[in-house]
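Asker: Output the structure for:
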Amino acid sequence: MTNDLHDGLLAIDTHVDIPWPEGPSPFEDGPRCVDLPKLRRGRVGAVCFAAYIPQGHRDGMAHLAAAERARAMLAAIAEMAPKDGSGGMMATSAAGVEAAFAAGKPAVIPAIENGYAIGRSLALLDEFAGLGIRYMTLTHNGHNEIADAAIPLPSLNDVEQEYSGLSDFGQSVVERMNELGVLIDVSHASKNTMMQAAQRSRTPVVATHSCMRALCDHKRNLDDEQLEMLASTGGLAQITIVSSFLRPKARASDLTVDDIVDHVDYAVKRMGIDHVGIGTDFDGGGGVRGFMNAAEAPNLTAALARRGYGRLEIEKIWGGNFLRLMRKAEEAAG
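Answerer: All right, here's what the predicted structure looks like:
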């Protein structure tokens, strides 16, 4: 029965990192948690591959370097979907994800993690949208020109809060992302940033890789007030599988897929089934016993089934909810 639940399921993992500088080939079954062979074995239909830009100094040269890194990483992501059809299929729309699934190919969805990539330039945001990004994480660790992060970086002389949420530029970024049909990712953002972004955005926002603060008191996790805001505005909390976000001071070897489902259960009870999904953060620290790479995705489906989730509910958690948000962002663009 469990295998039947995963068979034919359009599973979307909303946050996976890529090795950088470029690492092992995504076309070979190698040391990466997510490569094309593992996606096929795990029957994962689509992945948001994130161009992760670490927070650095906020000056002209550093911003130029961040933008160049973003361009190079997005090019590497695009190479996972070569035109000869030997890899995945590039998917820059909900319809594109569904077309890849119908063709039996993994959908490659580009994204940027950390708005530091655009510095102070809306023109760069336009450029990256033109390269296909479907979401941008407003911050990573450390404040940037857009907003306050959940975790300031003393090494960059961050104060606890620089803007008390979004900066003036950040408000313009939210508006432009809406116009471009690019989803706003509030993972890593401070609570004020997240709440303001959800209120200001014309389309629902998404936390692509976060957990529940009630179960694990970490600054990166979402508290009940944030969950209520996401639910009331139509947004999503995509449960991640990083051990330190699942349980305090835990290691991957301490945890199993049941720990992931604990967070799914809590989010569903607080927000409803339409507001919860999965974003593993594989190749960025994600992984627990039984779900250490994309090939083991059916184990999470099995755990959800054991908790009483049926086919339609699992379809929503594993990708249907995120696909709906993609479509909403596309429809509201312009």
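
Asker: quick one: buried residues of stretch 79-88?
Answerer: 80-81, 87-88 (16 or more other C-beta atoms under 10 Å). Yep, even glycine has a C-beta here, placed from its N, CA and C like the rest.

Asker: and that stretch, how far out from the chain's middle?
Answerer: Relative to its parent chain, stretch 79-88 has a centroid offset of 22 Å by C-alpha atoms, centre = their mean, to the nearest Å.

Asker: Could you do stretch 141-154 as well?
Answerer: Remark: stretch 141-154 is offset 18 Å from the chain centroid, using C-alpha atoms, centre = their mean.

Asker: cool, stretch 98-112 as well?
Answerer: With C-alpha atoms, centre = their mean as the basis, the mean position of stretch 98-112 lies at 15 Å from the chain mean.

Asker: Equivalent analysis for stretch 165-178, please.
Answerer: If you compare the mean C-alpha spot of stretch 165-178 with that of the full chain, they lie 19 Å apart, counting by C-alpha atoms, centre = their mean.

Asker: Ok, stretch 261-274 next?
Answerer: Put simply, stretch 261-274 sits 17 Å off its chain's centre (C-alpha atoms, centre = their mean).

Asker: go on, stretch 46-64?
Answerer: The gap between where stretch 46-64 is centred and where its chain is centred comes out at 15 Å by C-alpha atoms, centre = their mean.

Asker: buried ones in it?
Answerer: Of all the residues in stretch 46-64, those buried under the rule 16+ other C-beta under 10 Å are 46-53, 55-56, 58, 63.

Asker: Can you redo the residues you listed as JSON lines, where the extra columns are distance to residue 118 and pLDDT?
Answerer: Converted to JSON lines, the buried residues of stretch 46-64 look like this (distance: C-beta to C-beta, whole Å; pLDDT from 0 to 100):
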{"residue": "46", "distance to residue 118": "25", "pLDDT": "98"}
{"residue": "47", "distance to residue 118": "23", "pLDDT": "98"}
{"residue": "48", "distance to residue 118": "18", "pLDDT": "99"}
{"residue": "49", "distance to residue 118": "18", "pLDDT": "98"}
{"residue": "50", "distance to residue 118": "15", "pLDDT": "98"}
{"residue": "51", "distance to residue 118": "12", "pLDDT": "98"}
{"residue": "52", "distance to residue 118": "14", "pLDDT": "98"}
{"residue": "53", "distance to residue 118": "9", "pLDDT": "98"}
{"residue": "55", "distance to residue 118": "13", "pLDDT": "98"}
{"residue": "56", "distance to residue 118": "14", "pLDDT": "98"}
{"residue": "58", "distance to residue 118": "12", "pLDDT": "98"}
{"residue": "63", "distance to residue 118": "8", "pLDDT": "98"}
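
Asker: if you look at those residues, which of them are in strands?
Answerer: In this view, these that belong to strands under DSSP state E are 46-52.

Asker: any chance you could map the strands in the stretch 1-150 of the chain?
Answerer: Remark: strands of the stretch 1-150 of the chain, listed N- to C-terminal, are 12-17, 46-52, 89-90, 107-113, 135-137; assignment by DSSP state E, counting those that start in this stretch.

Asker: er, the stretch 151-300 of the chain I mean
Answerer: Using DSSP E, counting those that start in this stretch, strands in the stretch 151-300 of the chain cover 183-185, 206-210, 236-239, 276-278.

Asker: Deepest-packed of those strands, please.
Answerer: Each of the strands of the stretch 151-300 of the chain was scored by mean neighbour count; the highest is strand 206-210, a mean of 31, by mean count of other C-beta atoms under 10 Å.

Asker: Mind giving me the packing neighbours of that one?
Answerer: Where contact means 3 or more C-beta pairs under 8 Å, 6 or more residues apart in numbering; DSSP states H and E, strand 206-210 is packed against strand 12-17, strand 135-137, strand 183-185, strand 236-239.

Asker: among the ones you listed, which is nearest residue 158?
Answerer: Shortest separation from residue 158 across the helices and strands packed on strand 206-210 is recorded for strand 135-137, at 17.1 Å, computed as C-beta to C-beta.

Asker: any idea of the mean pLDDT for that closest one?
Answerer: What strand 135-137 shows for mean pLDDT is 99.
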